[in-house]
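Engineer: Quick one, fold the following:
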Amino acid sequence: MLQFKSISYIYENAKDALIRFPFVLLSALIAFIDIVYNIENNKNSDDYLSFYFFALGIPLFLALRLFLESFEVRSKLKCLILYLLGTLALYLFYLQYKSNFTNSTFLKLLLLALEIHLLVAFIAFLRKGTSADFWNFNKAIFIRILLSSLYAAVFFIGISGALGAISVLFSVKINSKLYQELWFFSVLIVQTWYFLSGVPKELYSNTSIYNVPKGLKIFVQYLLIPLVSLYMVIMYCYMFKIGLTWDWPKGYIGWLVSVISVLGVFNLLLVEPEKEKIENKWISVYAKYFYILLLPLIGLLFVALYKRTAEYGITEPRFFLMTIGLFLLMLSSYFLFSKRKNIKIIPISIFIISVLISYGPWSAFSISLRSQKNRVIEIAQANNMLDDQGKLIATKNKVAQETEQELSSIFDYIIRNHGFDGLTSFLDTDIVSKIFYIDTVSYNYRVRYLNAKSLMSHLGLNYFQGSYLNNQQWFSFVAKRSQVYDLRNYRLLVNYQTKYDDEDRVKIAIDGQAYTLKIKKQESAIELWDGSEMVAQFTFKDYLLKIRENNPKKLAENASNELLDNNKFTNEVGKTKKIDFYLESIHGNYTNNNEVNMSGLSGFFLVR
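Structural biologist: Below you'll find the model as predicted:
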């Protein structure tokens, strides 16, 4: 009887979820049908845009249902009208992004998804509900997401294992597509339905009572908060190092600061109910000093961001980082100086900021495009590449290689992130149709390369792959296929190739003896050590710089695969010099200050 009662309980919960959230489950079902169609018909990833918007209907219709419940709307007609308006909004967004799909579209879709999910967090509490109601609801949603993910994972693993057993035991061939479809069924149907059955029905208790699970309290207080504190100590040590060396902070430091800060704020949200208890007064003290100590780190973020922006202009990631910094600054000021501290302000303010930076002339995308176009104008004016109408023309002057690299990367960025529309102000329409591959989507890597290269050729310049935004030019060289090696004076050949997980030191056996091979990536060199004695050293930096000097055009076109020649390297140290090295392949990057960073290589040691 217990088993049937459990089945009845599951059935009743599933039925209640269907009645309460019909459009949410309908959206999940349509998304599943769409993805199965794409899988079965071997559609490309660019055909998955419709699936993405069907899936976005899940959080959108959930938010709309919560909105209706908060206003106690009972009219089925009004509910239907709101759902239809939500459907129309999704369809209009779909048409907009489908007509001009670039790499920036991915960022826009992520922002749209963030905005819709944030609506779920606060939309039911705009008109009423205490901070405790708001916290308890989002706590329940958070835990339900974790549980539904676990249930979906177990369901997928269990059914996949059963299919695998059938395939092995009964020699039944099972199409691999079935496993993909099963995964989407687990996520879209099983996980969504189970999640919806646990969405709180009573949203408002109008009390100040917080329901804090003991496990969550222990997890945050004794694991997350100490971890965040440890990272803040590390960041302050790094700031101290900067003060001693007067060295500019690294570009990635801004993202590290933002991640630590956001995680810290999230921790404080989770332990918000505990700070009022007498035994947990330390949480209030911790929160106060966390926001105080956050201010210098935000300053470090802006310093690192300023250096990159001043040199290379604004791009979407830098704009997002600047926005995160400003948000953290405002949030810290609010919780430090405001007498009335309401945690609802966090998701609401993030939602407003996300909308502002996503759309309009002040968006991250519009400002980034204007910044890079201004850099094009500055470079073009300095090299006489603009006509009287402000259009780009071929230059008759000698243009420095660094300038060619810079322009290559700017055009590459514009085409990749903004499509051909980003270049219309520089070029006549007939020119665009002649030099660009218009018929193919511009976010495709190969097409982006061809179009940027074609534009540079139109201007009489060399195109360089790589990014001046990262101040690097990548290379990958291999030995010529027709090369013949003279091995008559050697008695032993030992092949070697670096692996992705290789450390700076690896063990290698030569002629039955164990050696330590030290890989000096920044010096573009390798060293062979016998215990504490270096017995061989091979340096490739000058060799690689010479290739770059002799083959600038091939490097620019990335047509440099077989450029290695005279690739025998003689041992530079040791008394006997019995070991030489033949270089078979090498890859890494050049920087504009004539430095070379080696990422990996392959070749063979030759022993006389």
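Engineer: only C-alpha atoms for contact and neighbour calcs from this point on.
Structural biologist: Noted.
Engineer: now the strands: where do they sit in the chain?
Structural biologist: 472-478, 492-497, 505-510, 513-520, 525-530, 533-539, 568-570, 579-591, 596-607 (DSSP state E).
Engineer: Check which helices and strands the second one sits against.
Structural biologist: Packed against strand 492-497 by the contact rule (3 or more C-alpha pairs under 8 Å, 6 or more residues apart in numbering; DSSP states H and E) you find strand 596-607.
Engineer: now swap in the shortest one and tell me
Structural biologist: Counting contacts by 3+ C-alpha pairs under 8 Å, 6+ apart, strand 568-570 packs against strand 579-591.
Engineer: for the record, mean pLDDT for the strand it packs on?
Structural biologist: Strand 579-591 comes out with an average pLDDT of 84.
Engineer: the inter-axis angle of it versus strand 525-530?
Structural biologist: 140 degrees (axes from the mean of the first three to the mean of the last three C-alpha atoms, to 10 degrees).
Engineer: can you list the strands of the chain in CSV and add distance to Ile7 and mean neighbour count?
Structural biologist: Formatted as CSV, the strands of the chain follow (distance: least, C-alpha to C-alpha, whole Å; neighbours: other C-alpha atoms under 10 Å):
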stretch, distance to Ile7, mean neighbour count
strand 472-478, 60, 20
strand 492-497, 58, 15
strand 505-510, 58, 14
strand 513-520, 62, 17
strand 525-530, 66, 18
strand 533-539, 71, 18
strand 568-570, 74, 17
strand 579-591, 60, 20
strand 596-607, 58, 20
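Engineer: Please produce TSV containing these, extended by distance to Leu269.
Structural biologist: Formatted as TSV, the strands of the chain follow (distance: least, C-alpha to C-alpha, whole Å):
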stretch	distance to Leu269
strand 472-478	41
strand 492-497	49
strand 505-510	44
strand 513-520	45
strand 525-530	50
strand 533-539	54
strand 568-570	60
strand 579-591	43
strand 596-607	42
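Engineer: And the pLDDT for Tyr500?
Structural biologist: Reported pLDDT for Tyr500: 47.
Engineer: Over to Asn211?
Structural biologist: The model's pLDDT for Asn211 equals 74.
Engineer: okay but it is in contact with Asn136, surely?
Structural biologist: Yes - between Asn211 and Asn136 there is a contact under C-alpha atoms under 8 Å: 6.3 Å.
Engineer: Have a look at the two and say which one is more surrounded.
Structural biologist: Asn136 (21 against 14; other C-alpha atoms under 10 Å).
Engineer: Is the more buried one in contact with Tyr210, as I believe?
Structural biologist: Yes - judged on C-alpha under 8 Å, Asn136 makes contact with Tyr210 at a distance of 6.3 Å.
Engineer: pLDDT on the longest helix seen in the chain, on average?
Structural biologist: Determined from DSSP state H, the single longest helix within the chain is helix 131-169. Helix 131-169 shows a mean pLDDT of 94 in the predicted model.
Engineer: Does anything pack onto that helix? Which helices or strands?
Structural biologist: helix 176-185, helix 192-196.
Engineer: Redo the ones you listed as JSON lines? Include mean neighbour count, mean pLDDT and distance to Phe464.
Structural biologist: Output for the helices and strands packed on helix 131-169, formatted as JSON lines (neighbours: other C-alpha atoms under 10 Å; pLDDT from 0 to 100; distance: least, C-alpha to C-alpha, whole Å):
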{"stretch": "helix 176-185", "mean neighbour count": "17", "mean pLDDT": "95", "distance to Phe464": "39"}
{"stretch": "helix 192-196", "mean neighbour count": "22", "mean pLDDT": "97", "distance to Phe464": "47"}
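Engineer: Just put these in CSV and tack on distance to Val36.
Structural biologist: Converted to CSV, those look like this (distance: least, C-alpha to C-alpha, whole Å):
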stretch, distance to Val36
helix 176-185, 6
helix 192-196, 17
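Engineer: so which of these gets nearest Phe122?
Structural biologist: helix 192-196 (16.9 Å; C-alpha to C-alpha).
Engineer: in stretch 477-494, what's buried?
Structural biologist: Phe477, Val478, Ala479, Lys480, Leu493 (16 or more other C-alpha atoms under 10 Å).
Engineer: The last one against Tyr582, yeah?
Structural biologist: Read it as Leu493. No - using C-alpha under 8 Å, Leu493 is not in contact with Tyr582, being 10.0 Å away.
Engineer: Pull up the overlap in contacts between the two.
Structural biologist: Common contact partners of Leu493 and Tyr582 (C-alpha atoms under 8 Å, 6 or more residues apart in numbering): Phe604, Phe605, Leu606.
Engineer: residues contacting the first one?
Structural biologist: This means Phe604. Contact partners of Phe604, counting by C-alpha under 8 Å, 6+ apart, are Leu493, Val494, Asn495, Tyr496, Phe581, Tyr582, Leu583, Glu584.
Engineer: Can you read off the pLDDT for Leu84?
Structural biologist: Here the pLDDT value assigned to Leu84 is 97.
Engineer: Check the burial of it by counting its neighbours.
Structural biologist: With other C-alpha under 10 Å as criterion, Leu84 counts 13.
Engineer: again, but for Asn383
Structural biologist: Neighbour number of Asn383 under other C-alpha under 10 Å is 17.
Engineer: Put the alpha carbons of stretch 238-245 into PDB.
Structural biologist: Provided in PDB are the C-alpha atoms of stretch 238-245 (Å, rounded to 0.1, in the frame of the first residue of the first chain):
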ATOM      1  CA  TYR A 238      48.800  41.000  -4.500                       C
ATOM      2  CA  MET A 239      47.900  44.700  -4.000                       C
ATOM      3  CA  PHE A 240      50.800  45.000  -1.500                       C
ATOM      4  CA  LYS A 241      53.100  43.500  -4.200                       C
ATOM      5  CA  ILE A 242      51.900  46.000  -6.700                       C
ATOM      6  CA  GLY A 243      52.700  48.800  -4.300                       C
ATOM      7  CA  LEU A 244      56.200  47.500  -3.800                       C
ATOM      8  CA  THR A 245      57.000  46.800  -7.500                       C
END
